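J.: Pasting the sequence and the predicted model now:
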Amino acid sequence: MAKQGLNPRFNAKREIPTFAEIAQQVHIDRLPTWKNPKHGQHWINTLRDNAFPKIGRMPVDSIGQPEVLMCLSPIWTEKHETAKRLSQRMKVVLDVAKSKGFRDGENPITAI
């Protein structure tokens, strides 16, 4: 790589983390910003209960609109407020994944 003028540190193939791994890291990073610990616990619990069972083990770069809808559709009419919060939290996780270079393109939540 160096002979080709590429920096191996920035061009090495990185292992793509899962949705759950990124979400848990975001949760840890943002804990100090929440008004109280209960709010932080609700934040991760919403993802744990509604997103992790369906997409938690998926590499974060392979999550698109079908996977997002798979998480949101079952609760959209019966638990609308939870679905809105889940959507916001999933968007944050996917935005952070993009900012760290693990995703490209538009956030699939934005397009819904």
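T.: Done, it's in.
J.: hmm, who's touching stretch 87-102?
T.: 14, 16-17, 19, 22-23, 25-26, 43, 46-47, 51, 60-61, 63, 68, 71-72, 103-104, 107-110, 112 (Cβ atoms under 8 Å, 6 or more residues apart in numbering). For the C-beta atoms, the positions are set from N, CA and C on the backbone; glycine is no exception.
J.: Check which residues of it are buried.
T.: When burial is assessed from 16 or more other Cβ atoms under 10 Å, stretch 87-102 yields the following buried residues: 87, 89-94, 96-98, 102.
J.: where along the protein do the helices fall?
T.: For the chain, the helices defined by DSSP state H cover 8-11, 19-30, 37-50, 52-55, 65-72, 80-99.
J.: Now render those helices as TSV, adding mean pLDDT.
T.: What follows is these, written out as TSV (pLDDT from 0 to 100):
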stretch	mean pLDDT
helix 8-11	54
helix 19-30	96
helix 37-50	93
helix 52-55	97
helix 65-72	96
helix 80-99	97
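J.: Roughly how far does the residue nearest in space to the middle of the chain sit from Thr77?
T.: Centroid check for the chain by Cα atoms, centre = their mean gives Val93 as the closest residue, at 2.9 Å. Relative to Thr77, Val93 is positioned 23 Å away (Cβ to Cβ, to the nearest Å).
J.: Check Lys35 too.
T.: Distance, Lys35 to Thr77, using Cβ to Cβ: 30 Å.
J.: Kindly report the same for Asn107.
T.: 23 Å.
J.: Leu86 now?
T.: Leu86 is 14 Å from Thr77, by Cβ to Cβ.
J.: of these two, who's got more company?
T.: Set Leu86 next to Thr77 and count neighbours by other Cβ atoms under 10 Å: Leu86 wins out with 22 against 8.
J.: Enumerate every residue touching that one.
T.: Each residue near Leu86 by Cβ under 8 Å, 6+ apart is listed here: 46-47, 50-51, 71-72, 75.
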